[in-house]
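Asks: Need a 3D model of the sequence below.
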Amino acid sequence: MSAARRTAERTGRGHRPRVGPLAARPADLTALDVDGLLADRGTRIIVCCGSGGVGKTTTSAALALRAAEQGRRVVVLTIDPARRLAQAMGLTELDNTPRPVTDVGHASGGSLDAMMLDMKRTFDEVVESHASPDKARQILANPFYQAVSSSFAGTQEYMAMEKLSQLHTDAWKTGRWDLIVVDTPPSRSALDFLDAPERLASFLDGRFIRLLIAPARGPVRLLSAGLGIVTDALTKLLGAQLIKDARTFVAAFDTLFGGFRQRAEQTYQLLQAPGTSFVVVAAPQPDALREAAYFVERLDQERMPLAGLVLNRVTPQPVAGLVGADAAAGAGRLERSGEHPVTAHLLRLHADATAAVRREDQLRRRFSAAHPEVAAAQVPNLPTDVHDLDGLRQVGDLLTA
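Replies: Model prediction:
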């Protein structure tokens, strides 16, 4: 049984059969009160999540900027390989250290810091803060650790949660920030952000990897023959040096195993706390809205607070007065005759935009019918990329329109 089906059966909503008038004309999305969310001092963490390529980074930055200019002390954490956020905020670079954003309206007493997750550096910081100096040096120099901390599946998502935990602790101790906005990693699936940290913690705390360094005594002695066969096979496949590096890494890392799982659980509890709000970001495309629906159901299943949906890159409504079918027919006649190519092109654009609006409207209404409790804000598709603070302010205005 799918997660969506289990959620629907447990909550009594979701994938229910729709009959009668509702199937033909489902209810539209209710409005998300973005300014109310940002002004609520009880909201201390906003997590922007969704599948890759739907505008999470821009949405995160726009929310953070708007909150700062309304009086909040904000830090935004992004995971953006294109580094567009640094350019938009007028910074020469973003790294693992929060940097103040200038040219932000401070009349209301707010402030804005921005940072980009450095996955490897964050992992190093975890090691340095939870191991003795000698042990930390041994771990950091180990080739197996360098591979795991740089490229292991789930490391980026886990380190995003580690950094969120660090920022939350810093904010609580120093009062430097009263709002943290998190841009989640550009994963293939939106659910990777919630699942990958547990996968990484399970790997680092797994039974098999511990057997690599287990002493040959007690019950383990009984497994030594079989384990020797497995390790011999792995040695032939991966090489003796890699197995040796793995054993050395696990031996040095042993004191940190429990800490990884404990911190993962603590951060999970932080994400479930009343002061956290999730904003699911999507585009009006079938795959993106399907991912958004999965995430909404998963958040409900995990009892994590959902603020609502941001639907990005919505096709603007064409100028009224010309039916899309008539525009398409007129464009076809002119294209066949070869006359008035500019007019034919404009008519074709109008027809295509009308068809896109109709498709997106159907997708939006279908999502709303399945998830009537989810409020939403819509941002039209902008003619140019967002590349400066004014562009982010424009997105913020559209989010609250």
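
Asks: Can you classify Thr102 as helix, strand or coil?
Replies: coil (DSSP: H, G, I helix; E, B strand; the rest coil).

Asks: Mind listing what's buried along the helix or strand containing Val126?
Replies: Using DSSP states H and E, Val126 falls within helix 119-130. By neighbour count with 16 or more other Cβ atoms under 10 Å, helix 119-130 contains the buried residues Met119, Lys120, Thr122, Phe123, Asp124, Glu125, Val126, Val127. C-betas here are computed from N, CA, C, even on glycine.

Asks: Go through those and name the one nearest Asp35.
Replies: Set against Asp35, the nearest of the buried residues of helix 119-130 by Cβ to Cβ is Thr122 (32.2 Å).

Asks: that older thread, out of the buried residues of helix 119-130, who's nearest Ala355?
Replies: Closest to Ala355, out of all of the buried residues of helix 119-130 and judged by Cβ to Cβ, is Met119, at 41.8 Å.

Asks: where does the closest one land on pLDDT?
Replies: Met119 is assigned a pLDDT of 84 by the prediction.

Asks: Likewise for Met1?
Replies: The model's pLDDT for Met1 equals 42.

Asks: Pro81 now?
Replies: 57.

Asks: Just checking the distance from whichever helix or strand Gln146 is part of to the centre of its chain.
Replies: Element membership for Gln146, per DSSP H and E: helix 143-151. From the chain centre to the centre of helix 143-151 is a distance of 23 Å (Cα atoms, centre = their mean, to the nearest Å).

Asks: List the buried residues of it.
Replies: For helix 143-151, by 16+ other Cβ under 10 Å, it's Phe144, Tyr145, Gln146, Val148, Ser149.

Asks: you'd agree the first one is up against Phe249?
Replies: This means Phe144. Yes: Phe144 is in contact with Phe249 according to Cβ atoms under 8 Å; the separation is 4.1 Å.

Asks: Given the helix or strand harbouring Val75, what are its sheet partners and their directions?
Replies: In the assignment (DSSP H and E), Val75 maps to strand 73-78. If you go by DSSP bridges, strand 73-78 pairs up with strand 111-116 (parallel), strand 179-183 (parallel).

Asks: Tell me, what's the model's pLDDT at Gln146?
Replies: On the pLDDT scale, Gln146 gets 83.

Asks: okay, now Val74: neighbour count?
Replies: If you count neighbours by other Cβ atoms under 10 Å, Val74 ends up with 27.

Asks: Tell me which stretches of the stretch 201-350 of the chain form helices.
Replies: 207-211, 219-238, 240-253, 257-272, 286-301, 324-337, 341-370 (DSSP state H, counting those that start in this stretch).

Asks: Where among these is average confidence lowest?
Replies: Taking mean pLDDT as the measure, helix 219-238 is lowest among these, coming in at a mean of 44.

Asks: coming back round to it: ok and the helix holding Val126 relative to helix 257-272, angle-wise?
Replies: Orientation of helix 119-130 against helix 257-272 (axes from the mean of the first three to the mean of the last three Cα atoms, to 10 degrees) gives an angle of 110 degrees.

Asks: Could you pull up the mean pLDDT of stretch 41-51?
Replies: On average, stretch 41-51 scores 94.

Asks: then that stretch to PDB, C-alphas only?
Replies: C-alpha atoms of stretch 41-51 as PDB (Å, rounded to 0.1, in the frame of the first residue of the first chain):
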ATOM      1  CA  ARG A  41       7.000  35.900  16.200                       C
ATOM      2  CA  GLY A  42       6.100  32.400  17.100                       C
ATOM      3  CA  THR A  43       7.400  31.300  13.700                       C
ATOM      4  CA  ARG A  44      11.100  30.800  14.100                       C
ATOM      5  CA  ILE A  45      12.000  28.400  11.300                       C
ATOM      6  CA  ILE A  46      10.600  28.300   7.800                       C
ATOM      7  CA  VAL A  47      11.600  25.300   5.600                       C
ATOM      8  CA  CYS A  48      11.100  25.700   1.900                       C
ATOM      9  CA  CYS A  49      10.900  22.200   0.300                       C
ATOM     10  CA  GLY A  50       9.900  20.600  -3.000                       C
ATOM     11  CA  SER A  51      11.400  18.900  -5.900                       C
END
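
Asks: Please work out which residues outside that stretch touch it.
Replies: 37, 56, 59-60, 63, 164, 168, 171, 178-184, 187-190, 193, 270-271, 273-282, 287-288, 291-292, 295, 307, 310 (Cβ atoms under 8 Å, 6 or more residues apart in numbering).

Asks: Does Ala86 touch Ala114 like I think?
Replies: Yes: contact criterion Cβ under 8 Å: Ala86 and Ala114 qualify, at 7.4 Å.

Asks: So between those two, which is more surrounded?
Replies: Ala114 (25 against 20).

Asks: How about Gly110, nearest residue that isn't a chain neighbour?
Replies: In space, and not counting its chain neighbours, Gly110 is closest to Ala68: 4.1 Å by Cβ to Cβ, 6 or more residues apart in numbering.

Asks: So what's the residue count around that neighbour?
Replies: Counted with other Cβ under 10 Å, Ala68 comes out at 26.

Asks: try Asp134
Replies: Around Asp134 sit 9 other residues, with neighbours defined as other Cβ under 10 Å.

Asks: now the one 3 residues further on
Replies: By the criterion of other Cβ under 10 Å, Arg137 has 14 neighbours.

Asks: quick one: Leu37 from Gly308, how far?
Replies: In this structure, Leu37 lies at 8 Å from Gly308, with Cβ to Cβ, to the nearest Å as the measure.

Asks: same question but for Leu63, I mixed them up
Replies: Leu63 is 12 Å from Gly308, by Cβ to Cβ.
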